[in-house]
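**Student:** predicted model and sequence below, questions to follow.
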Amino acid sequence: MTSLWEGEVAVWRGRYRCRSCGYSIQGYADPDLDESGFLPLTLERALEVGKLLPYRQGSDLLERWGVRLSKTRLARLDERFNTVQAAQGLAHLQTLAEHPLARRQDRSRTWILEMDGKFVPVHTAQGRVYQEVKTAVLYKMRCPNERYYFSSLERVEGFSRGVHGLLRHAGVYQEDILVGVSDGAKWIEGLMGDLGVQQHILDVFHASTYLETVMLALRWDDPKRMTTRQSLLRGQLNVQTWLNLLPTQTFSDETVRKAVQYLQQQSLLGHTDYPAFRARGLEVIGSGQIEGANKAVIGARLNVCGAHWTVLGANGMVFARAERVSERPITHFHTIRQLAFGQAA
């Protein structure tokens with residue numbers, strides 16, 4: 001027999017005694033309950049609030065809904081659940097990564113893979129430090145609303161296996177075309193090659209910031225800079241061709257020299273020929289999806305003022321928030337609930 005009072009569960013226990021040996025046990029009447037002290041639906045809603053809001057605000061909101069749950073208890077429940085969810089989800093992705101991509105007999109599809117990192121504050125034995133949250137967003141080129149996310153504080157090797165599993169979880173086939181879009185970071189460059197990306201594109205918005213630095217050093221006026229930048233953002237400008245047309249000169253400013261060097265390096269790698277990408281039907285040349293994920297999925301919850309995160313807590317939260325907005329979840333709520341809190345006994 002169960003009853004709901006302010007979100008908590010009062011359960012009648014029954015004692016059972018073996019007539020032959022005298023051994024006795026106690027058990028909950030409902031096998032679907034766990035040791036969290038909440039009905040599954042109430043627990044699911046409370047954990048959802050913990051993922052969306054700071055714990056103090058979440059506790060206040062739950063109380064208005066009739067669920068009395070302190071900030072501290074909400075934080076403990078949420079961190080325990082998220083930690084188990086992240087561990088189980090990553091293990092599942094790594095298991096998927098061991099299998100080859102499935103084959104497809106009909107036409108191929110084009111997938112866009114965007115990756116980036118965002119630093120978040122965590123507390124370690126050495127004090128408060130910033131660690132990089134790595135995030136991958138995967139979607140079909142013509143279906144940007146059906147996105148698959150994976151976020152983790154894992155090192156590149158562990159993150160790589162997770163992304164390999166994400167490809168299989170999303171349903172990428174061997175015949176499909178995989179296009180990568182990023183800011184050109186070295187760890188992403190290596191990972192794109194490991195994943196079998198056929199074309200790596202430098203995010204056009206990222207390229208425009210370096211282009212702006214060079215144009216300012218050349219003392220171009222506002223209309224000329226704006227026209228050039230708009231041409232680049234529309235995918236009409238090949239960066240290597242643009243660099244070849246610049247007057248031969250040595251810039252004294254170190255920032256400008258690094259900007260030119262970076263654009264030249266990316267051009268030599270074939271990452272900045274935007275007109276050619278457009279001609280081949282590659283419609284995505286900007287990393288707007290991953291930038292939105294860094295802001296709305298990661299930063300909006302982990303970079304809030306006054307938040308204190310452990311490494312495990314932060315890793316669990318970023319995984320949980322990424323899975324929450326994915327097209328199809330990696331883990332199942334009731335499975336994680338039983339693993340995190342144990343079945344009532």
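**Tutor:** Great, that's in hand.

**Student:** strands along the stretch 151-300 of the chain, start to end?
**Tutor:** 177-182, 199-202 (DSSP state E, counting those that start in this stretch).

**Student:** what is the shortest one packed up against?
**Tutor:** So the one you mean is strand 199-202. Secondary-structure packing of strand 199-202 (3 or more C-beta pairs under 8 Å, 6 or more residues apart in numbering; DSSP states H and E): strand 177-182, helix 274-279. C-beta coordinates here come from the backbone N, C-alpha and C atoms, glycine included.

**Student:** again, only using 6 Å
**Tutor:** In terms of contacts (3 or more C-beta pairs under 6 Å, 6 or more residues apart in numbering; DSSP states H and E), strand 199-202 is packed against strand 177-182.

**Student:** how about residues contacting the strand it packs on?
**Tutor:** 108, 110-115, 188, 192, 197-201, 203, 282, 287 (C-beta atoms under 6 Å, 6 or more residues apart in numbering).

**Student:** go again using 7 Å as the cut-off
**Tutor:** Here strand 177-182 makes contact (C-beta atoms under 7 Å, 6 or more residues apart in numbering) with 108, 110-116, 172, 188, 192, 195-201, 203, 282, 284, 287.

**Student:** enumerate every residue touching the residue nearest in space to the middle of the chain.
**Tutor:** For the chain, the residue whose C-alpha lies nearest the mean C-alpha position (C-alpha atoms, centre = their mean) is residue 151; its distance is 3.2 Å. Residues in contact with residue 151 (C-beta under 7 Å, 6+ apart) are 133, 135, 297, 298, 318, 319, 322.

**Student:** burial of residue 185, as a residue count?
**Tutor:** When neighbours are counted by other C-beta atoms under 10 Å, residue 185 registers 14.

**Student:** should've said residue 314
**Tutor:** Residues near residue 314, counting by other C-beta under 10 Å: 25.

**Student:** equivalent analysis for residue 223, please.
**Tutor:** 8.

**Student:** try the one 10 residues further on
**Tutor:** Burial measure for residue 233: 17 neighbouring residues, criterion other C-beta under 10 Å.

**Student:** distance check, it against residue 35.
**Tutor:** Residue 233 is 54 Å from residue 35, where distance means C-beta to C-beta, to the nearest Å.

**Student:** then residue 75?
**Tutor:** Residue 75 is 17 Å from residue 35, by C-beta to C-beta.
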